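Chemist: The following comprises the amino acid sequence and a computationally predicted model.
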Amino acid sequence: MTDTLPDRLCVDPESRYYDGKLLARNIGIRFNGVERTNVEEYCISEGWIRSAVGRTLDRRGKPLTITLKGKVEPFFKTER
């Protein structure tokens, strides 16, 4: 397995950008210099993240998300 992260990654198993093995390696997202914990999907090249809005669910039972634009920096979290 490589240490490079893909340009786009999603936590939803139904998405074509989902990668379970990669997500199991504990990935963190820094958005505009601040570490975010509620990121559902990101795209580095386009500069956006999809972030969950509280505990609100859509009609299919998935988290309601908003798209935020800015600098996206994914990284592997280290175990302490």
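Modeler: Looks like it came in fine. Numbers count the residues shown, from 1 in each chain.
Chemist: Can you list the low-confidence ranges for the protein?
Modeler: Applying pLDDT under 70 to the chain flags residues 1-2, 79-80.
Chemist: residues near the closest residue to C43 other than its chain neighbours, how many?
Modeler: Leaving aside its chain neighbours, C43 sits nearest to R8 (4.5 Å; criterion: C-beta to C-beta, 6 or more residues apart in numbering). Where C-beta positions appear, they are placed from N, C-alpha and C, glycine not excepted. Using other C-beta atoms under 10 Å, the number of residues around R8 comes to 16.
Chemist: quick one: contacts for R8?
Modeler: 17, 41-45 (C-beta atoms under 8 Å, 6 or more residues apart in numbering).
Chemist: Just the element for the spatially most central residue of the chain, please.
Modeler: Nearest residue to the geometric centre of the chain (C-alpha atoms, centre = their mean): E41, 3.6 Å. Assigned by DSSP states H and E, E41 belongs to strand 39-43.
Chemist: which helices and strands sit right next to that strand?
Modeler: Packed against strand 39-43 by the contact rule (3 or more C-beta pairs under 8 Å, 6 or more residues apart in numbering; DSSP states H and E) you find strand 8-10, strand 27-31, strand 48-57, strand 63-69, strand 72-76.
Chemist: Return the distance of the last one from the chain's centre.
Modeler: Distance of strand 72-76 from its chain centroid, counting by C-alpha atoms, centre = their mean, to the nearest Å, is 9 Å.
Chemist: Check which strands are paired with it and give the direction for each one.
Modeler: When pairs are called by DSSP bridges, strand 72-76 turns out to pair with strand 27-31 (antiparallel).
Chemist: Would you mind listing the buried residues in the strand it pairs with?
Modeler: Neighbour-count burial for strand 27-31, with 16 or more other C-beta atoms under 10 Å as criterion, is recorded at 27, 29, 31.
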